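J.: any chance you could fold what I've pasted below:
(one chain, ligands or ions: 1)
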Amino acid sequence: MENIELKNLQQGHTYLISRYNTVSSAKILLVTEKAYNIRWNGGGETWELKEKVYDDFTLIEDISDFTVETEYKPSILDVKTKLVQCYICHGTGTVPEPNSTAGTKPCPYCLGAKMIPEVTEINRKQ
Ligand SMILES: [Zn+2]
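T.: Reported below is the predicted structural model:
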């Protein structure tokens with residue numbers, strides 16, 4: 001069954017397209033007389049003959065309006081910490097271990113360091 005709208009894919013538009021039971025977003029980079037140059041959301045660009053596109057693909061919707069390029073701002077946290085006495089081993093660096101000959105094992109929380117960092121302040125870096 002031919003999908004009439006597949007014949008009118010617009011250059012620069014991004015579409016949701018179903019092919020082989022897989023839904024992908026596809027940006028139409030170039031439209032020629034016989035083919036479409038398509039960039040797929042999974043990466044990679046392909047040339048697809050229009051005839052094949054009509055046969056193999058199903059157009060779901062034009063999602064150009066949803067894919068407006070937005071400036072990506074990574075969120076960076078500035079975390080201030082201070083070292084405080086480990087509250088698992090109470091600053092000894094070890095915890096009781098009845099099954100060992102020493103009777104203790106390194107503290108699983110501070111790993112024997114006796115001190116642990118405590119977060120005192122978190123700021124979002126701009
Ligand atoms: Zn500890």
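
J.: residue 42 versus the most far-flung residue of the chain relative to its centre, what's the distance?
T.: Going by CA atoms, centre = their mean, the residue of the chain most distant from its centre is residue 101, 48.2 Å out. Distance, residue 101 to residue 42, using CB to CB, to the nearest Å: 57 Å. Every residue, glycine included, has its C-beta placed from N, CA and C.

J.: now do residue 35
T.: 20 Å.

J.: need the strands for the chain, in chain order.
T.: Using DSSP state E, the strands found in the chain span residues 14-19, 22-31, 35-40, 45-49, 57-62, 76-85, 94-96, 104-106, 115-125.

J.: could you dump these to TSV with mean pLDDT?
T.: TSV is the format used below for the strands of the chain (pLDDT from 0 to 100):
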stretch	mean pLDDT
strand 14-19	90
strand 22-31	92
strand 35-40	94
strand 45-49	93
strand 57-62	90
strand 76-85	87
strand 94-96	93
strand 104-106	92
strand 115-125	86
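
J.: list the buried residues of stretch 47-66.
T.: Under the neighbour-count criterion of 16 or more other CB atoms under 10 Å, stretch 47-66 has 48, 50, 53, 54, 57, 59 buried.

J.: how far is it from where the chain is centred?
T.: 25 Å (CA atoms, centre = their mean, to the nearest Å).

J.: using PDB, write down the CA coordinates of that stretch.
T.: Taking Å, rounded to 0.1, in the frame of the first residue of the first chain, the C-alpha atoms of stretch 47-66 are listed here in PDB:
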ATOM      1  CA  TRP A  47      20.300   7.500   0.000                       C
ATOM      2  CA  GLU A  48      16.900   5.800  -0.500                       C
ATOM      3  CA  LEU A  49      15.300   5.500  -3.900                       C
ATOM      4  CA  LYS A  50      11.900   7.100  -3.700                       C
ATOM      5  CA  GLU A  51      10.200   4.000  -5.100                       C
ATOM      6  CA  LYS A  52      11.700   1.900  -2.300                       C
ATOM      7  CA  VAL A  53      10.700   4.400   0.200                       C
ATOM      8  CA  TYR A  54       7.100   4.200  -1.000                       C
ATOM      9  CA  ASP A  55       7.200   0.400  -0.800                       C
ATOM     10  CA  ASP A  56       9.100  -0.200   2.400                       C
ATOM     11  CA  PHE A  57       8.400   2.700   4.600                       C
ATOM     12  CA  THR A  58       5.300   4.000   6.500                       C
ATOM     13  CA  LEU A  59       5.100   7.600   7.400                       C
ATOM     14  CA  ILE A  60       3.900   8.100  10.900                       C
ATOM     15  CA  GLU A  61       4.100  11.900  11.400                       C
ATOM     16  CA  ASP A  62       6.100  15.000  10.700                       C
ATOM     17  CA  ILE A  63       8.000  15.700  14.000                       C
ATOM     18  CA  SER A  64       9.900  18.700  12.800                       C
ATOM     19  CA  ASP A  65       8.200  20.900  15.300                       C
ATOM     20  CA  PHE A  66       9.300  18.600  18.100                       C
END
